[in-house]
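Student: model this:
(chains A, B, C and D)
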There are 2 protein chains.
Amino acid sequence: MEHQSSARVTNDPSPAQRIATMLALLQDTLPVQKRLVHAGDIVCQVGQRFHSLYVVNSGLFKMVNLSDQGREQVVGLHFRGDWLGLDGIATGRYGCDAVAMDTGEVWVIPYATLLETSIRTPALLTALHQAMSRELARDHDSMLSLCTLPADARVAGFLRYWADNVSQRGQRCDQITLRMTRAEIGNYLGMTLETVSRALSRMARGDVIRFNEKGRRDIQIPQVEALTAFMQRAKGPTAAAALH
Amino acid sequence: MEHQSSARVTNDPSPAQRIATMLALLQDTLPVQKRLVHAGDIVCQVGQRFHSLYVVNSGLFKMVNLSDQGREQVVGLHFRGDWLGLDGIATGRYGCDAVAMDTGEVWVIPYATLLETSIRTPALLTALHQAMSRELARDHDSMLSLCTLPADARVAGFLRYWADNVSQRGQRCDQITLRMTRAEIGNYLGMTLETVSRALSRMARGDVIRFNEKGRRDIQIPQVEALTAFMQRAKGPTAAAALH
DNA sequence: CGGAGTCTTGATTGGGTTCAATAGGCGTGG
DNA sequence: CCACGCCTATTGAACCCAATCAAGACTCCG
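Tutor: Here you go, the predicted structure:
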């Protein structure tokens, strides 16, 4: 009796398919204003009044949380099809900076307009809810990594996450280009840039990854399974109290 | 508290007010089924088909993320007025276990029903969106803590978080009762139970908190500001690569 | 070329885990 | 009632992973 009842609560074509469909939907039903950005540009800023959500059409974005004492923390990375600014809905002000890490394009979606239009086109709501829900799940995975994995495994997990995102969007993933410095990666993963560097070196030494000549940001991943194996291997005795 | 104009997307009466209003709204517009739970009961389980969301009317709940290798991670705590099961919307299956940590009551909100009803009562959507958005912001704060604060400061931050939640819901917060073991707290904060214990002992020694005789889970907080001060003090040189 | 930013690698230190032992709270049953 | 076992919490001592400090090498660009 658990079979695929009434409305499609879930339909899962390929992720690439899902994203393309969603972007088409937005374009067809809303007057989307497009905004071109370059590396370093800030899409929306913490504290700013919340009016619009942003959907990534291309490029790569990081969400940066600023603590009261001025510490910055990268709390998320976003690719094509992701939504930005979601944490502004509750308080009426954005909770993070959204910073472009590369040339790209975001679509500006006024929240009020979205709500109005969604009465006629409920699929818009589904898209929004899925975006928020997916980000929640992703955040929970991040916490799991931060709390239970040692540094090497976290870095390996990060590469796999990146590769997954790239391949889900229909591109080859055996060859990825990190558009982040070691410092940014380290910040995101809760470790220092030196530790990131060492972890990558160890992986390269074990042939889990390969650096491209010229520029240590291009990384070949011969087989993604090797990354997973490396994670397990590195996952020895590490922190975080066990429950029960 | 920053006093602001009233006409806007978000209206913020006191948090207690907001929660009461939301619960009343749900009760008036939806056929809410109520479910009584006791400590240890599982409200919804990872992998289960997603149909309903749950709203906490009373009690305390933890969200537990199960990794593929069987490691469990507490990724969130939820009080009265919070929603459970939000991470199931995207995939059609719940992403976490929601476990009751005390006697309480949740209201079952079928997602499909919520969407239908929200056409007539848009405020329902606002409530849902705010709940999701608030959880996103909270998750980001957690990541900030996990990545940038040393153990002592994280524990202090946890107590302040708990006290804030309690006081926002209209109860006194100078006397809180943690309904979690040291192991659960440690798991949530990404450290071992011994470290939690030591941090609490240090705070007690500095008179930032006081243990109630009988049972080290009852904690007095003479002044919340002292907690904040303790956080700063403990926040010396700690991890997480700086950006720029 | 020179300088700034980035990355790698080594040596050392330290915060937090791990291991281990003790003590307190609480329910059960004699 | 106390004895017993179980769970939880505290505290100490030793160890270890990752941070810190410190060079040095590489890339890019004016």
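Student: quick one, helices of chain A?
Tutor: Listed in chain order, the helices found in chain A under DSSP state H are A:15-29, A:111-120, A:123-148, A:151-168, A:182-189, A:193-205, A:224-234.
Student: highest mean neighbour count out of the ones you listed?
Tutor: Most buried of these by mean neighbour count (mean count of other C-beta atoms under 10 Å in any protein chain shown) is helix A:182-189; its value is a mean of 24. Just so you know, the C-beta spots here come from the backbone N, C-alpha and C atoms, and that holds for glycine as well.
Student: quick one on the thing from earlier: wait, which of the helices of chain A is closest to B:A199?
Tutor: helix A:123-148 (16.0 Å; C-beta to C-beta).
Student: please name the bridge partners of A:N65.
Tutor: A:Q73 (DSSP bridges).
Student: I figured it hits A:V75, correct?
Tutor: Yes: using C-beta atoms under 8 Å, A:N65 is in contact with A:V75, at 4.8 Å.
Student: counting neighbours, go ahead and name the busier of these two.
Tutor: A:V75 (25 against 22; other C-beta atoms under 10 Å in any protein chain shown).
Student: nearest residue to the more buried one other than its sequence neighbours?
Tutor: Leaving out its chain neighbours, the residue that sits closest to A:V75 by C-beta to C-beta, 6 or more residues apart in numbering or on different chains is B:H140, at 4.2 Å.
Student: likewise for A:A16?
Tutor: Excluding the flanking residues, the one nearest A:A16 by C-beta to C-beta, 6+ apart is A:G170, at 4.3 Å.
Student: kindly state the pLDDT recorded for that neighbour?
Tutor: With respect to pLDDT, A:G170 has a value of 78.
Student: what of A:G70?
Tutor: pLDDT, A:G70: 86.
Student: just give the number of residues close to it.
Tutor: Neighbour tally, A:G70, other C-beta under 10 Å: 6.
Student: so, low pLDDT: which residues of chain A?
Tutor: Within chain A, the segments meeting pLDDT under 70 span A:1-12, A:236-240.
Student: correct me, but A:G92 touches A:F50?
Tutor: Yes: using C-beta under 8 Å, A:G92 is in contact with A:F50, at 5.2 Å.
Student: how close does the nearest residue to A:Y94 once chain neighbours are set aside get to DNA strand C?
Tutor: Leaving out its chain neighbours, the residue that sits closest to A:Y94 by C-beta to C-beta, 6+ apart is A:G88, at 4.1 Å. For A:G88, the distance to DNA strand C equals 28 Å [C-beta to the nearest atom of the strand, to the nearest Å].
Student: can you get me a residue count around A:G88?
Tutor: A:G88 has 27 neighbouring residues, counting by other C-beta under 10 Å.
Student: and it, what is it in contact with?
Tutor: Contact analysis of A:G88 by C-beta atoms under 8 Å, 6 or more residues apart in numbering or on different chains lists A:44, A:48, A:50, A:94-95, B:133.
Student: go on, A:V75?
Tutor: Applying C-beta under 8 Å, 6+ apart, the residues contacting A:V75 are A:63-65, A:96, A:139, A:188, B:139-140, B:143-144.
Student: at 7 Å instead, please
Tutor: Contact partners of A:V75, counting by C-beta atoms under 7 Å, 6 or more residues apart in numbering or on different chains, are A:63, A:65, A:96, B:140, B:143.
Student: same deal with A:A39?
Tutor: Per C-beta under 7 Å, 6+ apart, neighbours of A:A39: A:100-103.
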